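Sharing a model prediction with you, sequence too.
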Amino acid sequence: MIKKNIAVVMGGYSDEYVVSLKSGQLIYESLNKDIYNVYKVQILSEGWFFIDDRGEKMTIDKSDFSVNLSSGYKVKFDVCFNIIHGTPGENGILQAYWDAVGQRYTGCNFYQSALTFNKKDTLAVLSKYNIPSAKSIYLRKGETVSEEEVVEKLGLPVFVKPNQSGSSLGITKLKDIKNLQKAIDFAFAEDDEILIESFLDGMEVSVGVLDYKGETIVLGITEIVSENEFFDYEAKYEGASQEITPARIDDETRKKIENIAIKAYNSLGMSGFSRSEFIIMNGLPYMLEMNTNPGFSPASILPQQARYYGISLEDLCGHEVEKALLK
């Protein structure tokens with residue numbers, strides 16, 4: 001059997017690249033080396049690099065996403081395992097480039113990736129499928145909104161967040177409307193479009209969904225108990241939260257969440273890993289967002305859910321590669 005060449009593509013251009021490098025390392029370790037030749041590729045602001053076994057960097061040829069090794073041997077990849085969080089791997093840019101050069105990759109296509117990275121557009125599409133979400137006000141850079149209008153439309157507290165950003169960067173929970181402008185400026189530092197959303201008072205859950213062996217499955221429902229005001233960067237990556245899998249909910253609520261999470265995934269034409277965030281209020285799940293390249297470091301939620309479901313990381317990652325090989 002000729003081994004397939006698999007590139008684990010990690011990094012990115014946003015502040016999330018640090019988390020992506022950890023995710024990439026876990027996927028690199030999880031892929032079966034008896035079946036695949038597994039390589040590391042880092043896409044960073046300073047360049048695109050192939051990392052060899054000694055940690056030496058070689059530049060990726062962008063004309064066909066290949067690398068010329070020092071031995072003179074050219075490596076082309078049968079599949080790229082995309083685990084970049086944020087831009088360019090989670091917003092469709094990289095997938096569109098790979099499509100253009102004929103490179104197969106894991107996960108969803110460029111359109112689904114671009115759509116889900118845009119919180120406003122995702123929720124607008126899903127509202128057509130009767131999937132509820134918070135009330136919101138949308139602003140582009142240069143547009144303004146009065147304090148009175150925010151309170152009248154959304155009440156208090158509110159969340160002010162970038163429309164396109166990951167890892168809870170640039171988000172403020174606002175209890176006092178006097179701090180509105182400061183929160184708006186903070187969000188605009190991450191993105192040119194922002195959302196001001198009504199506060200949903202309930203349990204936050206994170207739901208892992210993927211297409212596995214021909215069907216859409218829910219890996220698990222994880223309850224988020226943040227020690228901070230909300231599930232921010234520190235809570236996600238620096239241990240300031242409890243993540244309880246399975247969530248402490250009754251069967252009826254669990255089924256509701258599973259059905260809505262699967263409906264959202266299928267309605268958007270998704271494939272590959274995804275993690276959707278919901279707030280359960282009065283027994284009803286309200287959708288916050290969907291992540292198409294969720295964290296995959298050892299501390300991340302999706303690997304926790306896979307363990308709970310009973311799928312090994314080797315099987316989970318191998319299945320993604322095999323699906324990509326069939327594209």
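Happy to help now that I have it. Small disclaimer: the values here were computed from a predicted structure and weren't measured.

I'd like the distance from Asp176 to Gly92, if you could.
To Gly92, Asp176 is 37 Å away according to C-beta to C-beta, to the nearest Å. Every residue, glycine included, has its C-beta placed from N, CA and C.

meant to ask about Glu204, not that
Distance from Glu204 to Gly92, counting by C-beta to C-beta: 27 Å.

and Met281, how many neighbours does it have?
When neighbours are defined as other C-beta atoms under 10 Å, Met281 has 15 of them.

again, but for Lys213
Neighbours of Lys213 under the rule other C-beta under 10 Å: 9.

what pLDDT does Glu234 get?
Looking at Glu234, its pLDDT is 51.

re earlier: Glu204 and Gly92: who's more crowded?
Gly92 (23 against 19).

Where does the closest residue to the more buried one other than its chain neighbours sit: helix, strand or coil?
Distance criterion C-beta to C-beta, 6 or more residues apart in numbering; nearest residue to Gly92, sequence neighbours excluded, is Ala114 at 3.3 Å. When classified by DSSP: H, G, I helix; E, B strand; the rest coil, Ala114 comes out as helix.

Just to check, Ala114 is in contact with Asn91?
Yes. Using C-beta atoms under 8 Å, Ala114 is in contact with Asn91, at 5.7 Å.

Have a look at these two and say which one is more surrounded.
Between Ala114 and Asn91, counted using other C-beta under 10 Å, Asn91 has the larger neighbour count: 25 against 19.

show me what contacts Ile6?
Applying C-beta atoms under 8 Å, 6 or more residues apart in numbering, we find Ile6 in contact with Leu31, Tyr36, Asn37, Val38, Tyr39, Phe77, Asp78, Val79, Cys80, Phe81, Val321.

So what are the sheet partners of the helix or strand hosting it and their directions?
Per DSSP states H and E, Ile6 falls inside strand 4-12. If you go by DSSP bridges, strand 4-12 pairs up with strand 36-44 (parallel), strand 79-82 (parallel).

can I get those strands in TSV with distance to Leu268, mean neighbour count and mean pLDDT?
Putting the strands paired with strand 4-12 into TSV (distance: least, C-beta to C-beta, whole Å; neighbours: other C-beta atoms under 10 Å; pLDDT from 0 to 100) gives the following:
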stretch	distance to Leu268	mean neighbour count	mean pLDDT
strand 36-44	25	19	98
strand 79-82	17	26	98
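
Now name the helix or strand holding Leu21.
Using DSSP H and E, Leu21 sits within helix 17-30.

Looking at the residue lying closest to Gly47 once chain neighbours are set aside now. What's its pLDDT?
Once flanking residues are discounted, Gly47 sits nearest to Thr59: 6.3 Å by C-beta to C-beta, 6+ apart. Reported pLDDT at Thr59 in the predicted model: 97.

where does Thr59 fall, phi/psi-wise?
The phi/psi pair for Thr59 (degrees, to the nearest 10) reads phi -70, psi 140.

list the contacts for it?
By C-beta under 8 Å, 6+ apart, Thr59 lies in contact with Gly47, Trp48, Phe49, Phe50, Val67.

Ile280: which of these is nearest?
Nearest to Ile280 among the contacts of Thr59, counting by C-beta to C-beta, is Trp48 at 41.5 Å.

pretty sure that closest one is in a strand, no?
Yes. Membership of Trp48 in a strand is supported by three-state DSSP.

before we move on, which element is the nearest residue to Val79 once chain neighbours are set aside in?
In space, Val79 comes closest to Ala324 once its chain neighbours are excluded; the distance is 4.3 Å by C-beta to C-beta, 6+ apart. Ala324 belongs to helix 313-325 when assigned by DSSP H and E.

Confirm for me that Ser66 is in contact with Cys80.
No. Under the criterion of C-beta under 8 Å, Ser66 is not in contact with Cys80, lying 11.3 Å apart.

ok, which stretches of the stretch 101-250 of the chain are strands?
Using DSSP state E, counting those that start in this stretch, the strands of the stretch 101-250 of the chain run over residues 136-140, 158-162, 172-174, 193-198, 203-212, 215-226, 241-244.

Quick one, which of these gets closest to Asp315.
Across the strands of the stretch 101-250 of the chain, Asp315 has its closest neighbour in strand 203-212 (9.0 Å, C-beta to C-beta).

and the angle from that closest one to strand 215-226?
If you take axes from the mean of the first three to the mean of the last three C-alpha atoms, to 10 degrees, strand 203-212 sits at 150 degrees to strand 215-226.

Keeping just the C-alphas, turn strand 203-212 into CSV.
Provided in CSV are the C-alpha atoms of strand 203-212 (Å, rounded to 0.1, in the frame of the first residue of the first chain):
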residue,chain,number,x,y,z
MET,A,203,-27.1,27.9,30.6
GLU,A,204,-24.4,28.0,27.9
VAL,A,205,-23.7,24.8,26.1
SER,A,206,-21.2,23.9,23.4
VAL,A,207,-22.3,21.2,20.9
GLY,A,208,-19.9,19.2,18.8
VAL,A,209,-21.5,18.0,15.5
LEU,A,210,-19.9,16.2,12.5
ASP,A,211,-20.7,13.9,9.6
TYR,A,212,-19.4,10.5,10.7
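
Point out the other helices and strands that that strand packs with.
Packing partners of strand 203-212 (3 or more C-beta pairs under 8 Å, 6 or more residues apart in numbering; DSSP states H and E): strand 215-226, helix 251-267, strand 274-281, helix 301-309, helix 313-325.
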